[in-house]
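Trainee: Sequence plus predicted model, see below.
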Amino acid sequence: MLASISYPFLVHYLVVTEQYLFAGIYIVALLLLIVVQNFLQGYKWLATGLLLLSVAISAILIYKARLVVFLPPVLIPLALAYVFGKTLMGQQTAFITGIAQKIRATPLVEKEKKYTRFITYMWVLFFLFLAIESMVVAVIFDMETWSYITNFLNYILVVFFAMFEYLLRRIVLRHLEHPCFISFIKQLIHVQRSR
C-alpha cells in the first residue's frame, strides 16, 4: 500500500533528477510485488502474465531505461479499460453493476442496471483518454512537465471523475439512499478486498 502511494512522488523525483535506471528498477520491483500478491491470491494466469510483462520491461530497462518510465501511465489505464470493457461484452454483468450489487447485497432494478452499465462505459472511455493523453504529453512536453501531468494531475482527474459520477448517481438514482463520498470510497475498498 505504502509503495503504491509513494509511487508518483518517488518516480517524479527520479525523473526530474534523471535517474531513469532507478525509476525503472522501482517500477519492475512494484510489478513483481503485484505478481507475488496475485499468485498468493490464486490468480495464477494473471500472475504469469504480469511476470512475463516484468521480464519484458526488465529487458527494455537494460537497453533504454528512460523508456520504462513512460510505460505505467499508458499500460495501467489500458489494463483498467480492458478489465472494465470486457464485462460489457455479450450478456456479462458490467463491472460497475457487479460492484453495485455487492455493495447493495440485493439485485439491482432495471434502471440501476442501465445506469451502472453506462457508467462502466464511461470509465472505459476515461481510462482510454488517460492512456492517450499520457502518450500525447510524452511527445509534446519535456520530461518534468510529463511527470507532473502523469504522476499528479492524472490522479486528480481520477478523483474528480469519481466525484462527478457520485454526484450524477445521486441525481439519476435519487430514489436510493446514498452514503457520503468518503463512506462510498470505503465501501468500494471493502468490496475490492473481499473479491
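Mentor: In hand now; what should we look at?
Trainee: Only C-alpha atoms from now on, for both contacts and neighbour counts.
Mentor: OK.
Trainee: Name the single longest helix found in the protein.
Mentor: helix 110-140 (DSSP state H).
Trainee: Which strands or helices does that one pack on?
Mentor: The helices and strands touching helix 110-140, judged by 3 or more C-alpha pairs under 8 Å, 6 or more residues apart in numbering; DSSP states H and E, are helix 72-86, helix 95-104, helix 143-148.
Trainee: can you give me the angle the second one makes with helix 72-86?
Mentor: To tie it back to what came earlier, the one meant is helix 95-104. Interaxial angle, helix 95-104 versus helix 72-86 (axes from the mean of the first three to the mean of the last three C-alpha atoms, to 10 degrees): 80 degrees.
Trainee: follow-up on the earlier one: so how far is the longest helix of the chain off the chain centroid?
Mentor: 11 Å (C-alpha atoms, centre = their mean, to the nearest Å).
Trainee: Just the buried positions in that helix, please.
Mentor: Going by neighbour count (16 or more other C-alpha atoms under 10 Å), the buried part of helix 110-140 is 112-113, 115-135, 137-138.
Trainee: would you list the helices and strands packed on helix 110-140 in TSV and tack on distance to Tyr63?
Mentor: Shown next, in TSV, are those (distance: least, C-alpha to C-alpha, whole Å):
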stretch	distance to Tyr63
helix 72-86	18
helix 95-104	38
helix 143-148	19
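Trainee: Right, I'll call it a day here.
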